[in-house]
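Peer 1: predicted structure and sequence below. I'll ask about it afterward.
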Amino acid sequence: MTTQTKTHMLSDELSAIDWCYEQGWTDGLPVVPPARERVERFLAAAGRPSEEIVARHPATGRECSVQSAAVNAVMAGCLPQYFPTVLAALEGLNEDAYNFHGSTASTGGSAPVVIVSGDIRDEIGMNASVNVFGPGNRANATIGRAMRLIIMNIFQMIPGISDRSTTGWPGKYGCCIAENILNSPWEPLHESLGFPPEVSTATVFAASGFYNVENHYTSEPERLLDTFADAMASLGALTDGQSLVVMSPEHAQIAASGGMSKQDVQAYLFEQANRDPEEMLSKGKWPAGRPQDGLAEGERGNGAFHRGRSPEDILIVVAGGEAGGHSAFLPSWCRGRNSLYQTQAIGVCLDC
């Protein structure tokens, strides 16, 4: 291939990228032009009919087929072997309990955080360790980005128009992590949710933001967990909606050192992540429609307002680098049971 030919091909690619911008198909960053042969490789990897509907938007009535998802996964920069994970995450969004419309339209500004658990993490080269929420890994970055492009391009949830996020957050460009199973003291997420060990899963959680939880100082499980509970009960974040706690391996090992199971940690955090109703009332943070003398019957918990409505509302995942006293708390965009995390099995890549 001559230098002139290479230059001509590069020029065509750049023109195609500009054309995608003109069509409004980007998230603000350049996309990979969805050439037919690229899309066909993704369809072969999925092994599913191209016209099969993967997800529907209940408010707009729009539908996403396997082919439409493939086009956007190509544009996001995915490789074909990532595509079954994208499809599984989309199927999670499609579950009624996830509340697809509310999570994409609300002022709460949520992002679909994708959490991958199981052997597929290594098969497709995902990052579960250092900088797990950050840049640098193609699979993590492009799987998350594919979700956003599909939400914008197929379901037409456009920022400032149908997506009414008050501020949004960078996770709305894409947010996908893998579980650090090798450095976790507990059973993998997919197994704790009832899936067989050999089945990999994608869990989607509609998160409204990211809180760094820092504690380098204690080796006592309860004192460490009190740090998490304090962050989870901050007035700026507190609702009775679900939450995602991503524990670094160091923090998880400390929490487990006293014999605590993952379920014990959930129960402890639920009990400790609360605020007194009188304090909430005095600071103007009290949900409309609730009686002002406490929680409604059936939702009382020692007179306190808790983060979530039960321990199971706190999803715990171990991820991140082995060293360093930093973890993360991500609250739901909504209150109560309006939006619940969903988990789907990831299909096998048939042509990879």
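Peer 2: Structure received.
Peer 1: looks to me like Y21 is in a strand.
Peer 2: No - applying DSSP: H, G, I helix; E, B strand; the rest coil, one finds Y21 to be helix, outside a strand.
Peer 1: who touches it in this structure?
Peer 2: Residues near Y21 by CB atoms under 8 Å, 6 or more residues apart in numbering: P30. (Glycine included, C-beta is placed from N, CA and C.)
Peer 1: now with 6 Å?
Peer 2: Counting by CB atoms under 6 Å, 6 or more residues apart in numbering, Y21 touches no other residue.
Peer 1: middle-most residue in this protein, spatially?
Peer 2: Taking CA atoms, centre = their mean as the criterion, V113 is the residue nearest the geometric centre of the chain, at 0.9 Å.
Peer 1: give me the three-state assignment for that one.
Peer 2: V113 is classified as strand under three-state DSSP.
Peer 1: could you measure from it over to D276?
Peer 2: 30 Å (CB to CB, to the nearest Å).
Peer 1: look up phi and psi at V204.
Peer 2: phi -110, psi 130 (degrees, to the nearest 10).
Peer 1: scratch that, H306 is what I was asking about
Peer 2: Taking degrees, to the nearest 10 as the convention, H306 sits at phi -100, psi 160.
Peer 1: now F205
Peer 2: phi -130, psi 130.
Peer 1: wait, it touches A111, no?
Peer 2: No - contact criterion CB atoms under 6 Å: F205 and A111 do not qualify, at 9.2 Å.
Peer 1: those two - which one has more neighbours?
Peer 2: A111 (30 against 27; other CB atoms under 10 Å).
Peer 1: what's the closest non-adjacent residue to the more buried one?
Peer 2: G171 (3.9 Å; CB to CB, 6 or more residues apart in numbering).
Peer 1: on the three-state scheme, the one you found is what?
Peer 2: Secondary structure of G171, per three-state DSSP, is helix.
Peer 1: please tell me how far it sits from W333.
Peer 2: Distance, G171 to W333, by CB to CB: 11 Å.
Peer 1: of these two, which one has the most company?
Peer 2: W333 (26 against 21).
Peer 1: which residues does the more buried one contact?
Peer 2: W333 neighbours (CB under 6 Å, 6+ apart): S103, S106, G108, S110, A206, S208.
Peer 1: residues in contact with C176?
Peer 2: Per CB under 6 Å, 6+ apart, neighbours of C176: V114, N140, I143, G144.
Peer 1: quick check: phi and psi at the last one.
Peer 2: This points to G144. phi -60, psi -40.
Peer 1: please apply the same query to the second one.
Peer 2: N140 has phi and psi values of phi -60, psi -50 when expressed as degrees, to the nearest 10.
Peer 1: just give me the neighbour total for it.
Peer 2: N140: 28 neighbours (other CB under 10 Å).
Peer 1: so it touches S129, yeah?
Peer 2: No - here N140 lies out of contact with S129, judged by CB under 6 Å, at a distance of 11.0 Å.
Peer 1: need the residues that contact stretch 219-230.
Peer 2: V213, N215, T218, I254, A255, G258, M260, Y268, L269, Q272, A273.
Peer 1: now the second one. Nearest residue, chain neighbours left out?
Peer 2: Distance criterion CB to CB, 6+ apart; nearest residue to N215, sequence neighbours excluded, is T227 at 4.4 Å.
Peer 1: where does the chain dip in pLDDT?
Peer 2: In the predicted model of the chain, residues 1-11, 287-303 satisfy pLDDT under 70.
Peer 1: all good on my end, thank you.
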